[in-house]
Each structure stands twice: as C-alpha cells, then as structure tokens.
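S.K.: got a structure for you, letters missing:
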DNA sequence: AGAAGATAGCTTTTT
DNA sequence: GCTATCTTCT
C-alpha cells in the first residue's frame, strides 16, 4: 500500500512527490500527469508524513479541477476528504472570510456573493442615478475590477477617472450595505485582513503547513500575493504550472509570477515533467514545432512513447459550409467505426463559430453539447426563484430585493422603490423591514404591503413543509406560476421544477432549520458555476480553446483556422505569443487524431468574406510539410435534402415556431413533422399546419 | 407596461 | 445577419 503510492509514478513525478519540504516548482507539460502528481503528493503527506487533513491547502481555478482533485485524493487515502482545504482560489477565500470577515465591519459571516450579472446591475443603477451618460456601465464595471486587481492602476482618461471614483465608491458602499461581495472582493478582502492583522496571518501561516497550487501560470497578482503570504513562514509551497499554457493574461494572469516565485523562494527546487501520457508522437511533434516559434517561451519538448499514431490532417475547405460538412462526415465515419460521440471535440477561437456547426449537427442528429452555454443557475427564472429565497434569509440584500419586488409585475415601479429606499435609509432599516411603517402614498403602498405579507407567509410555512415543496409554495404565492402560465412558458416552469430535486438534496445534505439549510446552500451556490453535475451523456463537445484547457479527446477538430479569426486581428508580438499558446492548448487536447480546418469563404457578420489560412497552420507543419493520410482523404459530401420552394413543409426546411424559435424539419409523416430546435428544446413532434409554425424561405445555406 | 423601432457590437472570461 | 439592449411611442 505504501509502496503502491509511488509505483505508479515516473522518476520526475516521484521527485515532485517526495520533495515535501521547502519550495518546489513543477513545470508540467500538457498531459504529463500534473493532477496525478498533486494528488499523490497530498496522499503522501497524509499517509507517510502523518500530516493532518486540515494542515494542507490546495488551490486551483475551476470547481471541476478542485472536485476531481478531492475525489482522487479520497480514492488514494480512503478517507473522507470532504472537509479538506482543496478548493478554488475563490472558494478558499469565501471559506476564510466566513470566519474572519467580522474584522471588516459592517460585513458579517453570512455575506452573499454577487455574480457578474448582478454586479453589473448595481453599476447600472448607480450610473443612472448619477446621470452619467458619456460612459457605459460596463466601462465602469471593468474598471472597478481592474483597479481591484491592479491597485496602482489609473486611467489616463480624466473625466472617466473622476466619474469612476464616484461610481466605485458608491458601488462598494451599496455592496457593504447589502452584505455582499463580488468575485474580486473575495480575494481583495482576504488580503486586506491578512495584511492588516498579523495575528490572523500568523494563525493561518501556522495552520497551512503545506500549500499546493495548481495552474500556477494562471495566477494573477492578488492570488500570488495570497500564496506568498501564507507560505512565507514555513516555505513548504508547491506550485505546478505550464508557461506554454498561459492563456489568461487578458484576465490578469501574470506569467511573471513564475520569476517572482523564484525570487521570493530562492531555495526552490525545479522539477520538469516532459513525458506526455496523452497524445501520440505525431501530435506532439506539431505542438513542439509550434511552440518553438515563441521567442520568449522557456524551451520545452514534450515526448511520448506512443509513436504509432497518425499525422494531423489539414483540410482547406472552400466555404464554411463545406468545412462543417467535412467535420460531420468524419464524425459519422469514426462513429460508425466504433468511436463514441464523446470522443470528439470541435474547438474554436470564438463562441460565434459554434453557430455554423449547431444547425448541421442537429440535422444529422449528432448529439452535441456546447460548453459555456447558459448554465442552469444563470437562467432568469432560476435566479428569480433564488432571489426570493435570499430575500427571506437575508433581508438586507437589496439587490435580490430589487430583482423580485416587481417580478412578476405588482405595480411597484422604480419610483416607488426609490422612495422606499430613501425611507429605509433614513430609518436605518432594510427595504423589507421598512414596508410596514412606510408612509402611505397612494395605491403603491397596498402592493408593497401585499408583497411584505407574501414573503412572511412563505417564511412561516417554511417551518412546516419539506424543502422540495417550497418551490410549489413560492410559485403559487409569488404569482410567478400564473405569469408563466399566461405566457405559456412551460420550459421556464419546467426549469423551476428542476429546482425541486436540488431542494430535496439540500434537505438531506445541510444541517439545521429549513432557513439555516437554505442559507448554507446559498453560500455554497454562488461559487458553484455551471455543470458540477457533469452529465455523462454521449455527445460531441463544442468548446472554445480556453474552456477546453484541462480536457482531452480522442479526436479533436480545430476549426476556423483563418487569419482574422485565429489569430484575431490587431495583435502585437506579445499578444501573438499568447495566441500561439492558445493554439498549443488546442493541439495538445488531442489523444489520437487531430484535424485542422479552414474555409476560403466564410459567412461573417452577414456577408461572405475571403479568408486566408491561419499562420499557425504553416508553423505547425513546418517540419512535416503538408501531411496526407489515405484513410482521411476527402470523401463525398453527405447528401443534404434540398428544400422545396412550395409552401408545403418538407424535410430539410427551416421553420420558425412561435415558442421554440428556429428549427429544422428532420422527419415527416403525413401531417406530423419532427423538428429539431436548438438546445435545450431539442426535437419536438408537431403538426405541420399548426399556426405557430411559419416556414422560412431560403432554407439552404451556401 | 409593452410593442415597435433604432443601434451597437461581434475574442478569449476558470471565479 | 443576428441578437441583445436601449429608446420612443402608445
């Protein structure tokens, strides 16, 4: 058992695991087993060094990565890792702040976390109130974030800067009033406390005797400072990264942190992992070739023992339509040959490229999943329901209050809310508390009173019902159900019913009174983005390069490899190096097969444009020349049914449905047609002559 | 409050 | 060309 832990590791990996004391930097190439090293190191510390579970801190960037790390450690040590400090930077900070934020009054430990959308809403309100119309709310929102991440930053645009100072001050004030933090605040406030309170810093320095950082190349200045501070006392800090996969500088990731680490922790030991266990030699060859073109990159060559692969294949399509058909053709061939749909990824530089593919994937009934599509918890109806709950558990949360006070419509307009706000402010009450004594002025006060009673009625019922039934109560009492029924919006209603399952779990998983359970869930929810509930469906993955990082697929299609799209326009040399790394990330996702495609003509922003192949194509194939593989020669395009010009609806037609939007007719049986709509609607059976259906002309592209 | 019309903006965005 | 958001009108 003890030996087994190290048996699975190669020499370099072993070194990284065994060097437990002192600073260690691991340069881990793509697919070189960095998660394995991280998890084995944690397991080694726990099992061999008898380090207590809560003396280890491991941080990464995504929930997914954190969850995987936790699970794999659990598998290795056979102990429950649920309460270990293995988390994202942000949830580490949230957990820290739940304990310590009382040091920054008026904040209290049950603070809420604002997502990007809500945060922008707050800024919008302020911009409106300040009657600023020469700059957009988004500009301020971006600036607020920028200054939080780079405190020394000042805009050279003076009018903007002056307005910014006012807006940001009010923004922070409003958040503090509502006991809310935005994502950046989690890091900022954590550092504030560690900097101003040496006792607290000391406590956490002693507590976390071993610190591990994943994806170190992606850390920004704040994240680096956090790690540096916590590790400074004991110096047992272990960072894993790959400078070749640094693709988030536009978001503040600072690759200089690699040098900074070497300066701050001069006794560091460097370990290089260059052996790749993911891809074939043929794929790694082009990846290595590409990254060599970056003058400022630390030289690194990935190698693999899987030398019997096939060469990457470049397909230069005439049109974007032809490009899509090539990809679909290949997927169908390989699927017939036994590959699962989940073995394929279509990767692109910008999200809008996915549209080209969606339509035809539906037409050919190839299941697909778009990464980064609107996640469940960011749907309006879900956020509304949760806002009702937040108003019940934290009455001081003005942002949630404002979100649902007139949703559904209760004749409580912005003017009335503004007056209530002023009154609440004068009397030092929350918006909700202020309602009963709010001086009556016309019919609006009646509506407010009803709202107040409704919230309290639901709150009272909460004690006596199962949590999963709360959804029904909310839907009824808030009038939300009535609203959706009258709009015939069954989809949204169904989405809300999905929450029932979630609430059933909350009931079982969380402790305390129903209100406490909900409160606990809400605190966790804000940092849980999309599909932690990773569905194991068998579908082709459509994704950007950025979101593909960390994933791997048997077959990868890198599409729209054209100048202006990838790389995009207007880059300087430094940007171009990062762009090249984005390409590198794409190539290194592929395990066995890599296809690169470009189109001569592409339908872009309404018109066909002449495109030139991406410079990266030449760079990738500089050594090998243009590769040719017989088995992948272009095959005849699959038959596509042509639409008729009659009004009669036929297979292949594009239609528009009143409720489901645009769809494609994929089957016809008498008057019954099957129509494929965009996800999440999917395939529906409908009557061809139904009045909701309008046939679109010009169904055929290209 | 809701419909109709005008306008912008199309890179990436782990939290 | 499409879509999301803002303005203007009823």
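M.R.: Done, it's in. What you see is a predicted model, and the numbers here were worked out from it, not measured in a lab.
S.K.: The stretch 51-200 of chain A: helices as residue ranges?
M.R.: A:63-77, A:89-100, A:116-129, A:137-149, A:158-177, A:183-196, A:198-207 (DSSP state H, counting those that start in this stretch).
S.K.: just the angle between the fifth one and helix A:137-149, please?
M.R.: When you say that, I think you mean helix A:158-177. 80 degrees (axes from the mean of the first three to the mean of the last three CA atoms, to 10 degrees).
S.K.: how far is helix A:158-177 from where the chain is centred?
M.R.: Put simply, helix A:158-177 sits 27 Å off its chain's centre (CA atoms, centre = their mean, to the nearest Å).
S.K.: what's the answer for stretch A:238-255, then?
M.R.: Centre to centre, stretch against its chain (CA atoms, centre = their mean), the figure for stretch A:238-255 is 17 Å.
S.K.: what's the answer for stretch A:183-201, then?
M.R.: 25 Å.
S.K.: That stretch near DNA strand B anywhere?
M.R.: Yes: part of stretch A:183-201 sits near DNA strand B under the criterion CB under 7 Å from any atom of the strand, namely residue A:183. For every residue, glycine as well, the C-beta is placed using N, CA and C.
S.K.: Just the buried residues of that stretch, please?
M.R.: A:183-191, A:193-194, A:200-201 (16 or more other CB atoms under 10 Å).
S.K.: circling back: got the helices of the stretch 51-200 of chain A as TSV, with mean pLDDT and distance to DNA strand C columns?
M.R.: Putting those into TSV (pLDDT from 0 to 100; distance: least, CB to the nearest atom of the strand, whole Å) gives the following:
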stretch	mean pLDDT	distance to DNA strand C
helix A:63-77	90	24
helix A:89-100	94	24
helix A:116-129	85	6
helix A:137-149	88	7
helix A:158-177	89	15
helix A:183-196	95	19
helix A:198-207	95	40
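S.K.: Quick one: the ones you listed as CSV, columns for distance to residue A:364 too.
M.R.: Formatted as CSV, those follow (distance: least, CB to CB, whole Å):
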stretch, distance to residue A:364
helix A:63-77, 29
helix A:89-100, 40
helix A:116-129, 35
helix A:137-149, 38
helix A:158-177, 48
helix A:183-196, 40
helix A:198-207, 55
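S.K.: burial of residue A:516, as a residue count?
M.R.: By the criterion of other CB atoms under 10 Å, residue A:516 has 12 neighbours.
S.K.: where's it, which helix or strand?
M.R.: Assessed by DSSP states H and E, residue A:516 sits inside helix A:514-525.
S.K.: Okay, buried residues for that helix please.
M.R.: In helix A:514-525, residues buried by neighbour count (16+ other CB under 10 Å) are A:514, A:517, A:518, A:519, A:520, A:521, A:522, A:523, A:525.
S.K.: quick one: which helix or strand includes residue A:476?
M.R.: Secondary structure from DSSP H and E places residue A:476 in helix A:470-478.
S.K.: so is the spatially closest residue to residue A:580 that is not a sequence neighbour in a helix, a strand, or just coil?
M.R.: Leaving aside its sequence neighbours, residue A:580 sits nearest to residue A:294 (CB to CB, 6 or more residues apart in numbering; 5.5 Å). On the three-state scheme (DSSP: H, G, I helix; E, B strand; the rest coil), residue A:294 is labelled coil.
S.K.: ok, now which ones touch residue A:294?
M.R.: A:577, A:580, A:581 (CB atoms under 8 Å, 6 or more residues apart in numbering).
S.K.: CSV please, covering these and showing neighbour count, pLDDT and secondary structure.
M.R.: Output for these, formatted as CSV (neighbours: other CB atoms under 10 Å; pLDDT from 0 to 100; DSSP: H, G, I helix; E, B strand; the rest coil):
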residue, neighbour count, pLDDT, secondary structure
A:577, 19, 91, helix
A:580, 22, 94, helix
A:581, 24, 94, helix
